[in-house]
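Colleague: pasted the sequence and its predicted model underneath.
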Amino acid sequence: MPDVSADPAATASGAHASSLAAYTTLRLGGPAGTVTVATETDEALETVRAAGRRKEPVLVLAGGSNVVIGDEGFPGVVLLLRTRGIQFVDRDGRGALVRVAAGEPWDGFVAATLAEGLAGLEALSGIPGSVGATPIQNVGAYGQEVAQLIEAVHVYDRETDQVHRMSLPECRFAYRSSIFKNNDRWLVLEVDFRLDTSPTSAPIRYAELARQLGVEIGERVAAERVRETVLKLRASKGMVLDPEDPDTRSVGSFFTNPVLSAQQWASVQDRLADAGEPPSWPAPNGTVKVPAAWLIEKAGFGKGYAGRDGVAISSKHTLALTHRGGGSTTALLDLAREIRDGVKDRFGVALHPEPVLINCAL
């Protein structure tokens, strides 16, 4: 998949009429009213403020890796955030506060922290998109999530027309969610991460990763080794962007893992006579987290399951819905509904989309 930041419209400031498919990893999405590229924070602020004065809606895109845009596109101002900058501040022998521009590519930032001898983000290697998108989604993988390492998020508040720093409690992080998700009040400008100086990783918390590393849960290994292993795991699942691999033309995991109450979990288990015992993990307050991929497969939707018009489940990863070419957002969402309804009918469990849906609905 081409890097959207390399698109000609994304390399210089100005307004352009454009199909939004060029700016998303799905390569889907209809036309924009205008597309403006901001390489500096002041440019981004002025774009949003000017749209506010005109009472025009604004859609902010950076990597475009966690967004599904409808076939009708977005009629307002699309801001392509291409701001850059990584500052290692407040550094001492124990660690550093790292301040990162919202438009900075995420995986390049992870690599930069490891090169500086800072550990903590290694299990989040290979995730596409920008730094500014990570607090919105509370991005996580392989037992880590950004909320564990974020100290503050610097935002522009469109309601008060002020730039301010939001502390960790103010961000209201939850599983794949935050105060910023599905809320256009705030424009993320910079993110502060608190990382430790260490050649070894954070404790390994994810069973699949531990197996690949040959260690027990809770052990630490060289941080660079964790990064290398995670990149291989993600690539094997089509989760590292590759222009030659149509399985990577997706938004990653389309559904979040359901978190069930004890009563819901008991009901699911009652329906499992012919499906076997699913993997599960204890979650807060007596709840249970169940892998959506297992539920989807057992409901009859295996890898490679095809929808209509060029969309299908990835051949490598059941949670990824892919655009194979020539498709539409409508077709993608039809496939998502078929899967969601099939899981609901089979197990009584509701699946919820992980990406942000723009001018469309599931």
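Modeller: Now that the structure is in, tell me what you want to look at.
Colleague: neighbouring strands of whichever strand or helix holds F88 in the sheet, and parallel or not?
Modeller: According to DSSP states H and E, F88 maps onto strand 86-89. Partner strands and pairing direction for strand 86-89 (DSSP bridges) are strand 95-101 (antiparallel).
Colleague: list the buried residues in the strand it pairs with.
Modeller: 95-101 (16 or more other C-beta atoms under 10 Å). For every residue, glycine as well, the C-beta is placed using N, CA and C.
Colleague: show residues contacting it.
Modeller: For strand 95-101, contacts defined as C-beta atoms under 8 Å, 6 or more residues apart in numbering pick out 41, 83-91, 109, 113, 116, 118, 131-132, 151, 154, 189-197.
Colleague: got a pLDDT number for the spatially closest residue to G132 that is not a sequence neighbour?
Modeller: Take G132 and drop its neighbours on the chain: the residue closest to it by C-beta to C-beta, 6 or more residues apart in numbering is A102, 2.6 Å away. Listed pLDDT for A102 reads 97.
Colleague: repeat for V89
Modeller: The model's pLDDT for V89 equals 89.
Colleague: ok, now which ones touch it?
Modeller: V89 neighbours (C-beta under 8 Å, 6+ apart): 96-99.
Colleague: recalculate using a threshold of 7 Å.
Modeller: 97, 99 (C-beta atoms under 7 Å, 6 or more residues apart in numbering).
Colleague: so what's it bridging to?
Modeller: Applying DSSP bridges, one finds that V89 bridges with L97.
Colleague: how about G238, secondary structure?
Modeller: coil (DSSP: H, G, I helix; E, B strand; the rest coil).
Colleague: look up the pLDDT of it for me, please.
Modeller: The per-residue pLDDT of G238 was computed as 88.
Colleague: likewise V4?
Modeller: At V4, the pLDDT value in this model is 36.
Colleague: can you check V251 too?
Modeller: pLDDT, read off for V251, is 94.
Colleague: that one contacts V68, correct?
Modeller: Yes - counting by C-beta atoms under 7 Å, V68 is a contact partner of V251 at 6.3 Å.
Colleague: and for those two, which residues touch both?
Modeller: With C-beta under 7 Å, 6+ apart, V251 and V68 have common neighbours 26, 355.
Colleague: before we move on, the earlier item: residues contacting the residue nearest to G132?
Modeller: A102 neighbours (C-beta under 7 Å, 6+ apart): 62, 81, 83, 130-132, 188-191.
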